[in-house]
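# Here is my input, please return the structure:
(2 chains)
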Protein chains: 2
Amino acid sequence: MSEYIEHDKAGVSVGVVEKKFYTFAEPPDKLLLENGNNLGPVTLAYETYGTLNPEKTNAILVLHALSGDSHAAGYYSKEDPKPGWWDIMVGPGKGIDTDKYFVVCSNIIGGCMGSTGPSSINPKTGEPYGFDFPVVTIGDMVKAQKVLIDHLGITKLLSVIGGSIGGMQALEWSVRYPERIVSAIPLATTTRHSALSIAFNEVARQAIMSDPNWNKGDYYFGENPDLGLAVARMIGHITYLSDESMRRKFGRRLQGKDNFSFDFGADFQIESYLRYQGNKFVDRFDANSFLYITRASDYFDLEKQHGEGSIVKAFSRTNVKFLVVSFTSDWLYPTYQSKEMVKAMKKNGLDVSFCEIKAECGHDAFLMPIERLSNLVQGFLKGVYEE
Amino acid sequence: MSEYIEHDKAGVSVGVVEKKFYTFAEPPDKLLLENGNNLGPVTLAYETYGTLNPEKTNAILVLHALSGDSHAAGYYSKEDPKPGWWDIMVGPGKGIDTDKYFVVCSNIIGGCMGSTGPSSINPKTGEPYGFDFPVVTIGDMVKAQKVLIDHLGITKLLSVIGGSIGGMQALEWSVRYPERIVSAIPLATTTRHSALSIAFNEVARQAIMSDPNWNKGDYYFGENPDLGLAVARMIGHITYLSDESMRRKFGRRLQGKDNFSFDFGADFQIESYLRYQGNKFVDRFDANSFLYITRASDYFDLEKQHGEGSIVKAFSRTNVKFLVVSFTSDWLYPTYQSKEMVKAMKKNGLDVSFCEIKAECGHDAFLMPIERLSNLVQGFLKGVYEE
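Numbering: from 1, shown residues only, chains lettered A, B, ... in the order given. This next block holds a predicted model:
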C-alpha cells in the first residue's frame, strides 16, 4: 500500500498520453472469426507508453478486463483528474517500468471504447451493428491484437500481461502465438469458466435483456437499457469483492442514520455502494458490449479449443515462460483454478513461476496497489528481459 | 439419499391435507408492527399435521423460508403430483414424526400464499396494498405466528424449527417468547445478514424495481414485473447452490449440442437451469412479497434488536434448548456464523447442540433428503419430548 501512496505523492506517471487508432481491412481482407464469419474493417483503439528500443525487444502488451480500455496509464490532459485503469502498475519505476519497456494496450474488439464493437457502425447498413455484431471470442480478440502488433513492427513481445478476462487473453496468446511472445503473465484468471462464473454472467445478461429499452440490442437511436445494465454491473461488483472485504468495508453499517427507514431506500452502505457503482457504469459502458464480452469469457475454454479437452495438451503448444498469480480471496477464479493450469504447464516442462498472494479484496485484487504484485511482475520481467 | 427414496417408494406422507385460515383483528385490535404502524385485519394461512395430545405438549411449529408457504407436507388431493415443501422431513416416522407430534406451519405475513401481504386487499382502499403495505420484520412475522398459536390453544410449543429465513424466525421465537417454547432448531441460518447477503438481496430487489411493469409496486391490475422477478430469482438460485454443487450438476456441459451457438441463447446447461427456475417462479410468487421478505431478512439483527448490539446479551433472554445446524457448502450463511451464535448461547450456559453437516449442495441443503439431518432432528425432538 505504501508504495502506491509514494507513487501518488511523487506524481510518478507516464504523463499525458494520447489514444490512437489503427484500422485494418486485410489480410485477407477482414478478420476471420472463430464462428466462421468475417469482420471488417476493424478498428483498434490503443495507447503506448515508453519507447521501443532499436532491437524491438522491450515491448509488452497489456490486456484489459471486462470494463477496461486502452487507457492503462497516464492522463489525457494535465487537468484530467483520473489516470488510466492500471496506473499503479504501468509507469516509470513501477511493476511494468516504462523507463525500460515499451508498453502497448489496446481496447478489445466487442468493446465500446474505440475498438470495433456492437455500437460501431456496420458498413453494410450505415447504422450501429447492435445485435448484428458477431459473437466474438477471446481468440478473436487476440487475433486482432496480433494484427496491431504486426503493424507496430514488433516481431516478438517480451510479455503479455493481464488480469481476469485480460488473463484469458494472455493465456490465449501463449498457445496461439507462442513464437511471437517470450513470456505471459496471467493474473486472477482461469483457463475456463466454472458453472458459477457462467451463472453470474448469465444472470447479468438476463438483467440487460429484460430491460425493455434493450430492444433486442437495437437501442442506439432510443433510450439505453440503463436500468438493466446497472443491475448487471451490481451483480458483477458482488463477484469482484469477497465476503471478507465486504464485511470490512461495509459490514451492516447504515447510510448516515441510526435506524432503519422501513422503506426500500438504500439503508445499508453496501446498498448505496452497489447502486452508485451501477449508476456510474451506465455513463461509460455499452450494454451490448457487456453482453458480448461476458459471452466471450464464458466461451473461453483453453483445453477444449487448443487441447482437445486436455489442459496438458493445450499447453504443449507453447514454450513461453509464465508467471501465474492468484489471490486468496478471489472466489470468481479461486486459486485451485490457477494451480490446475500451473500443474499442466509443469507437466509440459515449462518454466513457470506461481504465486498466491494473500489479499482480502477479492477478485479485484489484481487492480489494487499490492506491493508484492508489483515486485513480482517487475522481477519476472527483469529476468526475461536480461535473458 | 436412500432414506428419501424409500419414503417416496413407500408413499409415506401425511396424506391429503387442507389449507386453513385464521383471521384476527384484536387484541388490541390489530397487529402492532415494529415500525410503529398497526396492521389489520391479519389473516394467516396455515396447515396442521398429526394430532395434538390432550396435554397439548407435542406441538411443533415449522417456519418456512423465502419462497415457502404453509404447505409443508402432504398433498392437496390424491391427484396432486407434488407434496409440500418439506415432505421429506415432516410425516409419519420422519425427522418430525407426525405420528408423535402435532405440526403447525403458517405462511408468513408479507407473503403471498394466503397470509396478509402486499397483494392482499387493503381495507382502507378496497384494493391490493401494493407498496402501501408496511415493511414488516422477522419479529412481526413471529408476533403474528404467536397469535395463531394462542388461537390453537397451545401454551407451550415443544419446538420451533426452520431453515434460512425460517431459522431467523426460530431464533426470534427463542428470545421473544422463551416462555412459550421448549426448544428451537435454527438450520442454515444467521443472527444477522452479512454485507454479502444484503448485497445479493439488494441486487435482486433492484432487478424487480427496474422492471417498468413493477410500477412502484402498483401492478395488480396490469402486467406483473415477471422479467424482473425472474432475474431476482436467478440471483437467489446462485446463492442457494455452491461452486462445488454447480460443477457437479452442470459443469460446462452444453444444452443438447456439441458446439456453441454463437448467439445469446442458453448454450450451457447452467444457463438453461437458471432461466427455467426464474420463469417457473413468476407463476407462483408475487414480486412485492419478494421485496418485503428479503427486506425483513436484511433487517433481521438479533444482537441489535434484542441485545443492544451484543449477541451474548441477546441470548441471555432465553432458556430454551437449541439444536443448531450448518452445512459445509453453504456460502450464504457459512458455518462460522452458526459457530458465533453457538458460542454466544454457550456463554449463557444454554443447552445447545451444534452440528455442521458435510453437504455439497450449498445453502439449499436443509431442504434436501439428508439422512443425518433427519436423524439429528428426530433424536433432538425425542430428547426434549421425553423430558
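
# Please count neighbours and contacts with C-alpha atoms only from this point.
Noted.

# Chain B contacts on the stretch 151-300 of chain A?
Residues of the stretch 151-300 of chain A that fall close to chain B, judged by C-alpha under 8 Å from any C-alpha of the partner chain: A:193-196, A:198-200, A:202-203, A:206-207, A:210-211, A:227-228, A:231, A:234-235, A:238, A:242-243, A:246-247, A:250-252, A:260, A:262-264, A:270-271, A:274, A:295, A:299.

# just the buried members of those residues?
A:193-196, A:198-200, A:202-203, A:206-207, A:210-211, A:227-228, A:231, A:234-235, A:238, A:242-243, A:246, A:250-252, A:262, A:264, A:270-271, A:274, A:295, A:299 (16 or more other C-alpha atoms under 10 Å in any protein chain shown).

# wait, what's in contact with A:S272?
Applying C-alpha atoms under 8 Å, 6 or more residues apart in numbering or on different chains, we find A:S272 in contact with A:255, A:266.

# ok, and for the helix or strand hosting it, which residues are buried?
Mapping A:S272 onto the secondary structure by DSSP states H and E places it in helix A:269-282. Residues of helix A:269-282 classed as buried under the neighbour-count rule (16+ other C-alpha under 10 Å) are A:269-275, A:277-279, A:281-282.

# With pLDDT as new columns, can those residues be given to me in a markdown table?
A markdown table is the format used below for those (pLDDT from 0 to 100):
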| residue | pLDDT |
| --- | --- |
| A:Q269 | 96 |
| A:I270 | 97 |
| A:E271 | 97 |
| A:S272 | 96 |
| A:Y273 | 96 |
| A:L274 | 97 |
| A:R275 | 97 |
| A:Q277 | 96 |
| A:G278 | 97 |
| A:N279 | 96 |
| A:F281 | 97 |
| A:V282 | 97 |
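
# Distance to A:Q305 for those residues - can I get that in TSV?
Output for the buried residues of helix A:269-282, formatted as TSV (distance: C-alpha to C-alpha, whole Å):
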residue	distance to A:Q305
A:Q269	43
A:I270	39
A:E271	40
A:S272	41
A:Y273	39
A:L274	36
A:R275	38
A:Q277	35
A:G278	34
A:N279	37
A:F281	32
A:V282	33
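
# So which of those is the closest to A:S174?
For A:S174, the closest of these turns out to be A:F281, at 31.7 Å, with distances computed as C-alpha to C-alpha.

# Chain A: strands as residue ranges?
Per DSSP state E, chain A has strands spanning A:20-24, A:31-32, A:38-39, A:42-49, A:59-63, A:90-91, A:96-97, A:102-106, A:121-122, A:127-128, A:159-163, A:183-187, A:321-327, A:352-357. These are given in chain order.

# Which stretch among the ones you listed is buried most, on average?
strand A:183-187 (a mean of 29; mean count of other C-alpha atoms under 10 Å in any protein chain shown).

# Present the strands of chain A as a markdown table; the columns should include distance to A:I370.
Below are the strands of chain A laid out as a markdown table (distance: least, C-alpha to C-alpha, whole Å):
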| stretch | distance to A:I370 |
| --- | --- |
| strand A:20-24 | 30 |
| strand A:31-32 | 38 |
| strand A:38-39 | 39 |
| strand A:42-49 | 22 |
| strand A:59-63 | 18 |
| strand A:90-91 | 13 |
| strand A:96-97 | 13 |
| strand A:102-106 | 20 |
| strand A:121-122 | 40 |
| strand A:127-128 | 40 |
| strand A:159-163 | 14 |
| strand A:183-187 | 13 |
| strand A:321-327 | 11 |
| strand A:352-357 | 9 |
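
# and those strands as CSV, adding mean pLDDT?
As requested, the strands of chain A are exported to CSV (pLDDT from 0 to 100):
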stretch, mean pLDDT
strand A:20-24, 94
strand A:31-32, 92
strand A:38-39, 92
strand A:42-49, 97
strand A:59-63, 98
strand A:90-91, 97
strand A:96-97, 98
strand A:102-106, 98
strand A:121-122, 95
strand A:127-128, 96
strand A:159-163, 98
strand A:183-187, 98
strand A:321-327, 98
strand A:352-357, 98
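
# mind checking which of the ones you listed is nearest B:S67?
Going by C-alpha to C-alpha, the one of those nearest B:S67 is strand A:321-327, 35.6 Å.

# What lies in contact with the closest one?
Counting by C-alpha under 8 Å, 6+ apart, A:182-189, A:334-335, A:338, A:342, A:350-359, A:362-363, A:365-366, A:377, A:380 sit against strand A:321-327.

# switch to 7 Å and redo it
Surrounding strand A:321-327, the residues in contact under the criterion C-alpha atoms under 7 Å, 6 or more residues apart in numbering or on different chains are A:182-188, A:335, A:338, A:350-359, A:365.

# same question, stretch A:109-125
Under the contact criterion C-alpha under 7 Å, 6+ apart, stretch A:109-125 has outside partners A:42-45, A:69, A:107-108, A:127-131, A:133, A:136, A:141, A:285-286, A:288-289, A:292-293.

# got it, and stretch A:361-381?
Contact partners of stretch A:361-381, identified using C-alpha under 7 Å, 6+ apart, comprise A:1, A:3-4, A:86, A:88-89, A:94-96, A:163, A:187-188, A:240-242, A:245, A:327, A:329-332, A:359.

# which of those residues count as buried?
For these, a neighbour count by 16+ other C-alpha under 10 Å gives the buried set as A:4, A:86, A:88-89, A:94-96, A:163, A:187-188, A:240-242, A:245, A:327, A:329-332, A:359.

# Now do A:I149 against A:H71, distance only.
Taking C-alpha to C-alpha, to the nearest Å as the measure, A:I149 and A:H71 are separated by 17 Å.

# More neighbours: which of these two?
Applying other C-alpha atoms under 10 Å in any protein chain shown to A:I149 and A:H71 shows that A:H71 carries more neighbours, namely 26 against 18.

# gap between that one and chain B?
29 Å (C-alpha to the nearest C-alpha, to the nearest Å).

# Spatially nearest residue to that residue (excluding sequence neighbours)?
Excluding its sequence neighbours, the residue lying closest to A:H71 (C-alpha to C-alpha, 6 or more residues apart in numbering or on different chains) is A:G84, at 4.9 Å.

# okay but the one you found is in contact with A:S70, surely?
No - in this structure, A:G84 is not within contact of A:S70 by C-alpha atoms under 7 Å, at 8.4 Å.

# what about those two, which has more around it?
When neighbours are counted by other C-alpha under 10 Å, A:G84 and A:S70 differ, and A:S70 comes out ahead with 25 against 19.

# Show me what counts as buried in stretch A:207-223.
Buried residues in stretch A:207-223, defined by neighbour count with 16+ other C-alpha under 10 Å: A:207-215, A:217-220.

# Ignoring the adjacent residues along the chain, who's closest to A:F315?
With C-alpha to C-alpha, 6+ apart as the measure, A:M345 is the residue that lies nearest to A:F315, at 5.9 Å, once sequence neighbours are left out.

# Quickly note the distance from A:Y101 to chain B.
When C-alpha to the nearest C-alpha is the yardstick, A:Y101 and chain B sit 38 Å from each other.

# ignore the last one, A:E34
Between A:E34 and chain B the distance is 9 Å, computed by C-alpha to the nearest C-alpha.

# Pull the contacting residues for that residue.
With contact taken as C-alpha under 7 Å, 6+ apart, A:E34 is in contact with A:137, A:140.

# got a pLDDT number for it?
A:E34 carries a pLDDT score of 95 in this model.

# How about A:S2?
A:S2 carries a pLDDT score of 33 in this model.

# cool, the one 10 residues further on as well?
A:V12 is assigned 86 on the pLDDT scale.

# Pull the number of nearby residues for it.
Applying other C-alpha under 10 Å, I find that A:V12 has 17 neighbouring residues.
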